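Participant: Provide a 3D model corresponding to the input given below.
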Amino acid sequence: MSSPRFVAALLFISAVAAGCSHPPPGVEAARAPAAAAAPDELRQAVLRGQQITAGTCASCHAIGPVGDSPMTAATPLREIARRYPLDQLEEAFAEGLVTGHPAMPEFVFRAAEIDDLMAYLQTLKSTS
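Facilitator: Have a look, this model is predicted:
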């Protein structure tokens, strides 16, 4: 875990320090990175990532390409996806999102969930 990535994780955490639900349990599976996946596999990864954000983040963050966050202090995920390189966000998810802010619990994602989150965040990054 490199120091620049750790710093990026901390920046990400402070950008999203707002209350959210714990992520649903998932099944970890070894898969090819989303960018190298076949179109149908990529579509499925995006849908799973969207489901994870709907169950984990939507109570506080705007999770779609438009709209305001339910909690005004919570940065919309599309802005986070545009603001930070996805490899840094991936590292933050892998290290576990931890914050001292009482409204946002600690997040620990499995590798398969992170792949799906990255696939979904890429779609948000691509929308303008």
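Participant: Where does pLDDT dip in this structure?
Facilitator: 1-37, 97-102, 128 (pLDDT under 70).
Participant: Helices of that one, residue ranges please.
Facilitator: All helices of the chain, identified by DSSP state H, fall at 3-15, 39-56, 77-83, 86-95, 111-126.
Participant: what's the most buried one of the ones you listed?
Facilitator: Most buried of the helices of the chain by mean neighbour count (mean count of other Cβ atoms under 10 Å) is helix 111-126; its value is a mean of 21. In this view, the C-beta of every residue, glycine as well, is placed from N, C-alpha and C.
Participant: Let me know whether H61 touches R78 as I believe.
Facilitator: No: judged on Cβ atoms under 8 Å, H61 makes no contact with R78 at a distance of 9.4 Å.
Participant: mind checking which of the helices of the chain is nearest V66?
Facilitator: Nearest to V66, of all the helices of the chain, is helix 77-83, at 8.0 Å by Cβ to Cβ.
Participant: That closest one - contacts with which helices or strands?
Facilitator: Here helix 77-83 touches helix 3-15, helix 111-126, going by 3 or more Cβ pairs under 8 Å, 6 or more residues apart in numbering; DSSP states H and E.
Participant: ok, back up a step: make TSV out of the helices of the chain and add distance to D68.
Facilitator: Below are those laid out as TSV (distance: least, Cβ to Cβ, whole Å):
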stretch	distance to D68
helix 3-15	16
helix 39-56	16
helix 77-83	11
helix 86-95	21
helix 111-126	15
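Participant: among these, which is nearest M104?
Facilitator: helix 3-15 (8.3 Å).
Participant: So what's the residue count around M71?
Facilitator: With neighbours defined by other Cβ atoms under 10 Å, the count for M71 comes to 16.
Participant: where's the nearest residue to it once chain neighbours are set aside relative to S126, distance?
Facilitator: Among residues not flanking M71 along the chain, C60 sits closest, at 4.1 Å (Cβ to Cβ, 6 or more residues apart in numbering). As judged by Cβ to Cβ, to the nearest Å, C60 and S126 stand 23 Å apart.
Participant: Compute the distance between E113 and A58, please.
Facilitator: Going from E113 to A58 by Cβ to Cβ gives 16 Å.
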